[in-house]
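Peer 1: Please find the sequence and the predicted model below.
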Amino acid sequence: MRRLHGILPILFLLLAIYQVLGQNSWPSRERRCVARHKCRHQVDFRAMTKGNNGCPAPETYCQNIHILNDVPDISVEETVNPECGRPNTRGVTFEVPNMDGFAQEFEFPWMVALLDIKGEYLGGGAIISPEVVITANHVTNNLTEDQLIVRAGEWDLKTNSEHFPHVDARIRSIVRHPGFDKYNGANNVALLFLRTPLKFTQHIKLICLPPNNRNIRNLDYSRCILSGWGKKSFNDFTDMNVLKKMELPIVHNNKCEYQLRRFFGYTFQLDNSLLCASGELGKDTCGSDGGSPLACSLREDPQRYELAGIVNFRVLCGKQDVPTVYTNVGKIRDWIIIETNKNLNVSARTS
């Protein structure tokens, strides 16, 4: 017993020394949310889909010892005469592995969200010039210029912690195609003319318009991409927070017309101003994707995209052999150019 009493003080002393040394030598396991480019170790998107440990999508839950405190913040730089249709395939400030079904940070810089005055998401659109956004007619239906907001430079709708801020632009005028037919979707397109031109940066750029009556054979069928914040699948209850991305094949009009006659009857004819895509199981537009762009890469330049279509209407969501219908931008290019020149000239004369 006396020997035990003599050993106990030594044990307590050793324990105290161990605790002091441990605090100074063992790496801290404390973590916090930081910008992704400021963390040495990254997690893949599967961790983000499980809540991202409470961090916004542009941030990661980083162990303190892995935080790169000496990394400077990234600044937004205005881009002079940017080349149209160039995506940020690896993101702008960071890249997340395994982003299946979702876009990288600012991957599609031409993508815009259309919001109501309360900030609620209504649909998508695409930037085709500093002052013009293209979308679907039905998204703007019964709304005035003062009731819509164009949000450019967005990725995650539910946070403002992205490294580059989004830009909310007010609309000067809305020009809707006079040949729009709500019964068959013909000419379902509208142009939104902005009060103030957008400044092009790393995360805000325009998409290329196709040449007039674009021959679809010049597009890479396997590299058409739909982006938008609508529901990812029929089973989802809400629209997406992070911008989704789906690779979809073009479906020839004759085949699309045949497949859709199961729903519209044997006399159904697909209007010449339309095109179809998808028809693959689990890959489709769902929810509020109206007006969102279908961008296809060029065979001669696979890293460059042009605006093949904008989401028009669908019958079912993500069903096999049931394609979605898009407004064919190549078929209405002349109208786009005429209205753009007319309305920009009016703006120049009155300013």
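Peer 2: Yep, it's here. Source: prediction; values computed, not measured. Numbers count the residues shown, from 1 in each chain.

Peer 1: Considering helices and strands only, name the one in this structure with the lowest mean pLDDT.
Peer 2: When the helices and strands of the chain are scored by mean pLDDT, DSSP states H and E, helix 2-25 comes last with a mean of 50.

Peer 1: what ranges do the helices span in this protein?
Peer 2: Assigned helices in the chain, in chain order: 2-25, 45-49, 137-140, 253-264, 333-350 (criterion: DSSP state H).

Peer 1: With only the CA atoms kept, save the fourth one in PDB.
Peer 2: Okay, so that is helix 253-264. Output in PDB follows, covering the C-alpha atoms of helix 253-264 (Å, rounded to 0.1, in the frame of the first residue of the first chain):
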ATOM      1  CA  ASN A 253     -38.000  15.400 -85.100                       C
ATOM      2  CA  ASN A 254     -39.700  12.500 -87.000                       C
ATOM      3  CA  LYS A 255     -38.900  10.100 -84.200                       C
ATOM      4  CA  CYS A 256     -39.900  12.600 -81.500                       C
ATOM      5  CA  GLU A 257     -43.200  13.200 -83.300                       C
ATOM      6  CA  TYR A 258     -43.900   9.500 -83.500                       C
ATOM      7  CA  GLN A 259     -43.100   9.000 -79.700                       C
ATOM      8  CA  LEU A 260     -45.300  11.900 -78.600                       C
ATOM      9  CA  ARG A 261     -48.300  10.800 -80.700                       C
ATOM     10  CA  ARG A 262     -49.000   8.200 -77.900                       C
ATOM     11  CA  PHE A 263     -50.000  11.200 -75.800                       C
ATOM     12  CA  PHE A 264     -51.400  13.800 -78.300                       C
END
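
Peer 1: Can you spell out which helices and strands pack onto that helix?
Peer 2: Applying 3 or more C-beta pairs under 8 Å, 6 or more residues apart in numbering; DSSP states H and E, we find helix 253-264 packed against strand 274-278, strand 323-328. From N, CA and C alone the C-beta is placed, and that goes for glycine too.

Peer 1: Strand partners (parallel or antiparallel) of the first one?
Peer 2: This points to strand 274-278. Neighbouring strands of strand 274-278 in its sheet, by DSSP bridges, are strand 250-251 (antiparallel), strand 323-328 (antiparallel).

Peer 1: The stretch 51-200 of the chain: strands as residue ranges?
Peer 2: 59-63, 111-115, 121-129, 132-135, 149-152, 167-176, 190-194 (DSSP state E, counting those that start in this stretch).

Peer 1: Same question for the longest one: list its buried residues.
Peer 2: Okay, so that is strand 167-176. For strand 167-176, the neighbour count (16 or more other C-beta atoms under 10 Å) marks 167, 169, 171, 174-176 as buried.

Peer 1: Turn these into a markdown table, including pLDDT.
Peer 2: Conversion of the buried residues of strand 167-176 to a markdown table gives the following (pLDDT from 0 to 100):
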| residue | pLDDT |
| --- | --- |
| 167 | 96 |
| 169 | 97 |
| 171 | 98 |
| 174 | 97 |
| 175 | 98 |
| 176 | 97 |
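
Peer 1: between these, which is nearest residue 250?
Peer 2: residue 176 (25.9 Å; C-beta to C-beta).

Peer 1: How is the protein divided into domains?
Peer 2: According to automatic domain parsing, the chain is divided into the following domains: 111-207+334-350, 216-331.

Peer 1: Confidence-wise, which of these is weakest overall?
Peer 2: When mean pLDDT is averaged over each of the domains of the chain, domain 216-331 scores lowest at a mean of 86.

Peer 1: Quick check: buried residues in stretch 153-166?
Peer 2: Of the residues in stretch 153-166, those buried (16+ other C-beta under 10 Å) are 153-157, 162-164, 166.

Peer 1: ok, and what's touching that stretch?
Peer 2: 35, 37, 56-59, 73-74, 76, 92-93, 103, 105-106, 109, 111-113, 121, 151-152, 167, 201-204, 229, 240-243 (C-beta atoms under 8 Å, 6 or more residues apart in numbering).

Peer 1: buried stuff in stretch 139-157?
Peer 2: 139-140, 143, 148-157.
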